[in-house]
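S.K.: A structural model of the following input is requested.
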Amino acid sequence: MKRILSLTAGLALVLLTGCVTLSIYPYYTSKDVKFDPALLGNWAEADNTNSRPQTWSFEQINAQTYRLIVMDNDEKTEFDTRLFKLKNHAFLDCLPRKHEDFASPCHVLLRVDRLQPILELRLLNYDWLRKLIEKQPKAIRHALIPQASKQGDETEGFVLTAETAELQNFILKHLETKEAWGDALVLKRQ
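M.R.: Alright, predicted model coming up:
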């Protein structure tokens, strides 16, 4: 979906437009979580020429959790975020702090391709996964969710209902599938 709204439209905007893969269960277990102080601080879009680039701020909440604050113009969205590793590959699991903005608590996955000196992130590609589920409904457990469209008709989205172990196996299976991951969002430290 045109670079998952190029991810530069903001994780918050992507979440609200329904173009991001949501999961009921987390993508990590407690043994997978790794805290890295290199993630802490303020980050901004590397290639943005706008006067007010989108910013991502990571603060430490506890030994395993960051508070992620995404600012896009005057829109602020907060997440409880955990950095975790699966077979030496890093990911972020983001859970919105304000659950009333969403039908149910939902986890969002970001692959971390680079953490130093820039932060490079990729979303699990919603459109790729939707097409995979249409062709192979048993590829991963999910539920179809009716959604209203701008044209007033009803479409179907989906939410993943697979438990953590199944989610992790799916991620690892498709780690090298280029289409499975959106274009990179590149952030530089402020």
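S.K.: doesn't residue 133 fall inside a strand?
M.R.: No. Secondary structure of residue 133 (DSSP: H, G, I helix; E, B strand; the rest coil): helix, not part of a strand.
S.K.: now what about the longest strand that the chain contains, what contacts it?
M.R.: Across the chain, the longest stretch assigned as strand under DSSP state E is strand 75-86. Outside strand 75-86, the residues that touch it by Cβ atoms under 8 Å, 6 or more residues apart in numbering are 10-13, 15, 26-28, 32-36, 39, 58, 61, 64-70, 90-98, 101, 108, 112, 168, 171-172. Where you see a C-beta, it was placed from the backbone N, CA and C, and this is true even at glycine.
S.K.: just the buried ones from those?
M.R.: 10-13, 15, 26-28, 32-33, 39, 58, 65-66, 68-70, 90-96, 108, 112, 168, 171 (16 or more other Cβ atoms under 10 Å).
S.K.: next, find the distance separating residue 94 from residue 115.
M.R.: Distance of residue 94 to residue 115, computed by Cβ to Cβ, to the nearest Å: 16 Å.
S.K.: sorry, slip of the keys, the one I care about is residue 88.
M.R.: 13 Å.
S.K.: with residue 186 instead?
M.R.: Applying Cβ to Cβ to residue 186 and residue 115 gives a distance of 12 Å.
S.K.: neighbour count for these two, which is higher?
M.R.: Per other Cβ atoms under 10 Å, whichever of residue 186 and residue 115 has more neighbours is residue 186, with 18 against 14.
S.K.: which residue comes closest to the more buried one once chain neighbours are left out?
M.R.: Once flanking residues are discounted, residue 186 sits nearest to residue 46: 4.3 Å by Cβ to Cβ, 6 or more residues apart in numbering.
S.K.: verify the stated contact: the one you found with residue 188.
M.R.: Yes. With contact defined as Cβ atoms under 8 Å, residue 46 counts as touching residue 188 (4.5 Å).
S.K.: common neighbours of the two, please.
M.R.: In contact with both residue 46 and residue 188: residue 118, using Cβ under 8 Å, 6+ apart.
S.K.: quick check: residue 139 is in a helix.
M.R.: No. Counting by three-state DSSP, residue 139 is not found in a helix; it is coil.
S.K.: check what pLDDT the closest residue to it other than its chain neighbours gets.
M.R.: Closest residue to residue 139 apart from its sequence neighbours, by Cβ to Cβ, 6+ apart: residue 132 at 5.2 Å. Residue 132 carries a pLDDT score of 97 in this model.
S.K.: count the neighbours of residue 132 for me.
M.R.: 18.
S.K.: ok, residue 24 next?
M.R.: Counted with other Cβ under 10 Å, the neighbours of residue 24 add up to 17.
S.K.: wait, it sits on residue 161?
M.R.: Yes. At 5.5 Å, residue 24 counts as touching residue 161 under the criterion of Cβ under 8 Å.
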